[in-house]
Structures are given as structure tokens and as C-alpha cells.
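Novice: Got a predicted structure here, sequence first:
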Amino acid sequence: MESLPVFLQAFLWALIQYAEIIGTLLSITYLLLCIFQSNWCWLFGGLGSALYILVFFQSKFYADMSLQFYYVFISFYGWYHWRFGKHQADKKQISVVKTPRRVWLPLTVATALVFAGYAYLLHTYTDSPVVVGDSFTAATAILATYMLSRKYIENWLLFIVSDGVCIGLYIYKGLYITAILFVVYTVMAVWGYFDWRKEMKKQNLISSPPQV
């Protein structure tokens, strides 16, 4: 960026700043709608992720940048599954459930492989200063977002861990607005977990067979 004309550098800087601010507002709206189980959450999430592709590229968070492409994709999948997934007879949307025991092992293995792949690529082919942290948050966020798209309640617990690590990484890289966003994310993830758990109790689904 230093090799570009000064006016172009200023334009790109302003664009990145606005992208981070707008992406932050869209992302907070996305998470709030997720908590209330509104299908509109996926639209806001997809738009926010598209803006963060630019933010993370500039900050050299390459794993997180690639993660935004995944978020855009999973937004389509999440909307489709929440809208057309299996419903109870008296429900217009799928219900919140515990993660089925049989899927924990394949999900864990897949997450470990994603982490290893990210760490190798970042270490070998990029100048990322936070290879382990970037790879960890990317891998856990991929798992958590998939679980969110399936309405597995444990997604919120994974987001709490992932978002907590992200706060430290973004402060380190000077993305203070994004760090504040992830503080809000962490608090809202705690809220989301207890709100979804309350709904599960109301529906008497805690001891029911898990959705598959």
C-alpha cells in the first residue's frame, strides 16, 4: 500500500475504516437476529462478512479473511436450513436441539484438520504474525457457524471461546473497533446460549431425541 499514490492510500484507508464500522453494525444485527431465531440474520451476516473480507485482507488476517468467504456461503445454507429444514408439526421453523452425540467426533476431527491446514498454509505461504491464533479462531468459528446453521445449542459455547481469543488478536493488530465488536459478540453469545436453553426447556426438548 505504501507504493501507491498518497491520495489513493487515503481513499483505501477511509474505505477500510468505513467497511469495519458498517461491518460491525451489520454483524451485531446478525447476532441479535440469531438469538431471536429470525431468518433475516443470514442476510445481515452475509453482508457483514463481505465487508470484512476487505478489512482482514488489509490487516493480514488471512485465515479470518478466507473465513468470511465461508460465512457468505454458510449464510445461504443457514437460511435454507432454517427455512426448509425439518419442522415439528406445529412449528414454522426448526427447533433448537443439543448436538447429537454421533456427530461430535467427525466435527472435532474436521475442525482439527482445518486448524492444521490453516496453520501450515499461513506459516508456509504468508507473513501472518499470528499463525496459531488466527488458525484456531478460524477453525472453531467454522465449526460454531455450521452448528448455528443446524440450531445446535452448543454453538454458543464455541463462539464464546473463539470470540474471546479474537479479542486479544484484534487488539494486538490495532483493530479496536473489531475488538469491541467481539466483546459484544462474547456477551451476546452468553445471552444466546441461555435464551436458546430457555426455549429448549419450554419445548421439553432437552431430554428428547436429537434432531438429525
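Specialist: Thanks, I have it.
Novice: Give me the residue ranges of the chain where confidence is low.
Specialist: For the chain, the stretches with pLDDT under 70 are 1-4, 7, 12, 15-16, 63, 86-92, 204-212.
Novice: how about a cut-off of 80?
Specialist: 1-17, 58-64, 85-93, 177-178, 203-212 (pLDDT under 80).
Novice: ok, which stretches of it are helices?
Specialist: 6-35, 41-59, 62-84, 101-125, 131-149, 155-172, 176-202 (DSSP state H).
Novice: Buried by neighbour count: which residues of the third one qualify?
Specialist: Using 16 or more other Cβ atoms under 10 Å as the test for burial, helix 62-84 gives 62-68, 70-72, 74-75, 78-79, 81-82. No exception for glycine: its C-beta is placed from N, CA and C like everyone else's.
Novice: Let me see the contact set for the closest residue to residue 152 other than its chain neighbours.
Specialist: With Cβ to Cβ, 6 or more residues apart in numbering as the criterion, residue 152 has its nearest non-adjacent residue at 4.1 Å, and that residue is residue 99. Residue 99 makes contact with 107, 147, 152-154, 210, according to Cβ atoms under 8 Å, 6 or more residues apart in numbering.
Novice: Filter those down to the buried ones, PyMOL style.
Specialist: Remark: buried members of the contacts of residue 99, expressed as a PyMOL selection using 16+ other Cβ under 10 Å:
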select buried, resi 107+147+152+153+154
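Novice: wait, which of the contacts of residue 99 is closest to residue 94?
Specialist: residue 152 (10.7 Å; Cβ to Cβ).
Novice: how much space between the nearest residue in space to residue 168 that is not next to it in sequence and residue 164?
Specialist: Leaving aside its sequence neighbours, residue 168 sits nearest to residue 133 (Cβ to Cβ, 6+ apart; 7.5 Å). Residue 133 sits 11 Å away from residue 164, going by Cβ to Cβ, to the nearest Å.
Novice: Looking at those two, which has the bigger crowd around it?
Specialist: residue 133 (18 against 15; other Cβ atoms under 10 Å).
Novice: Might you report the residue contacts of the residue with the largest distance to the centre of the chain?
Specialist: Here the chain reaches farthest from its C-alpha mean at residue 5, the gap being 35.1 Å by Cα atoms, centre = their mean. Contacts for residue 5 (Cβ under 8 Å, 6+ apart) come out as none.
Novice: let's have the chain start at 811 instead
Specialist: Yes, from this point I'll number from 811; that puts the last item at residue 815.
Novice: quick one: it and residue 821, what's the gap?
Specialist: For residue 815 relative to residue 821 (Cβ to Cβ), the value is 9 Å.
Novice: So the residue nearest to residue 978 sits against residue 981, correct?
Specialist: No. Applying Cβ atoms under 8 Å as the test, residue 943 and residue 981 come out as separate, 11.6 Å apart.
Novice: Next one: the closest residue to residue 999 other than its chain neighbours from residue 949, what distance?
Specialist: Counting by Cβ to Cβ, 6+ apart, the nearest residue to residue 999 once its immediate chain neighbours are dropped is residue 969, at 4.2 Å. In this structure, residue 969 and residue 949 are 13 Å apart, going by Cβ to Cβ.
Novice: The two: which has the busier surroundings?
Specialist: Neighbours per residue (other Cβ under 10 Å) separate residue 969 from residue 949, with residue 969 holding more: 28 against 23.
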